[in-house]
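**Student:** My questions concern the predicted model and sequence given below.
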Amino acid sequence: MSKEIKARITVACVTDQFSCDRIINAGKKISDISGSELHVLSVMNPRMQNSSQALEYLFSVSKRNGAVMNVLYSDRPLKRIVDYIRENRVGHVVTGLPGDNVSLLYDLYMRFPEIVFFSVGKNGEISPVSSGTLSDPDPAKSLEEERS
């Protein structure tokens, strides 16, 4: 009996901001380079008002990039993102830049040393976060090193 091997997934983590389209577009580049499926994940706080217009826009950007977009609601966004990563075969995670020293992204990066993280700057530049550095601005090179 043969066991089907599920391809790894690239997850683009977004909020409900129009500017998160750059994260989805960067996720598409990473998924193309790695040969993985692209998922877009947004975890919203159910007690806060969210921008439905921005989420609709991000759904359309996701669709254009061939991605599945999931909008989840939780009072504990870090836990929900961690659960999503564990429940799926995630190999790469693409995020925006951490906003400050207490950003949940730092905790996320530390929980999954086996996953390659990329951050996307305001102008769309992609930087790997693996090993706690932002030193290599070439995602193709990072993915090639990962395959070696």
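**Tutor:** Yep, that arrived. Numbering: from 1, shown residues only.

**Student:** Residues contacting stretch 81-90, please?
**Tutor:** Residues outside stretch 81-90 that contact it (CB atoms under 8 Å, 6 or more residues apart in numbering) are 6-11, 13, 39, 41, 43, 70, 72, 93, 104, 108, 111-112, 115. The C-beta positions use only the backbone N, C-alpha and C, and glycine is treated the same way.

**Student:** Please give me every residue in contact with F18.
**Tutor:** Counting by CB under 8 Å, 6+ apart, F18 has contacts A54, Y57, L58.

**Student:** let's see it at 10 Å
**Tutor:** S51, Q53, A54, L55, Y57, L58, V61 (CB atoms under 10 Å, 6 or more residues apart in numbering).

**Student:** just the strands in the chain please.
**Tutor:** 9-14, 37-44, 68-73, 90-96, 116-120, 126-128 (DSSP state E).

**Student:** Just the buried residues of the fifth one, please?
**Tutor:** By that I understand strand 116-120. Under the neighbour-count criterion of 16 or more other CB atoms under 10 Å, strand 116-120 has V116, F117, F118, S119, V120 buried.

**Student:** How about the second one?
**Tutor:** Buried residues in strand 37-44, counted by 16+ other CB under 10 Å: E37, L38, H39, V40, L41, S42, V43, M44.

**Student:** of those, closest to P98?
**Tutor:** Using CB to CB, V43 comes nearest to P98 of the buried residues of strand 37-44, at 15.8 Å.

**Student:** Kindly provide the distance from the closest one to V11.
**Tutor:** 11 Å (CB to CB, to the nearest Å).
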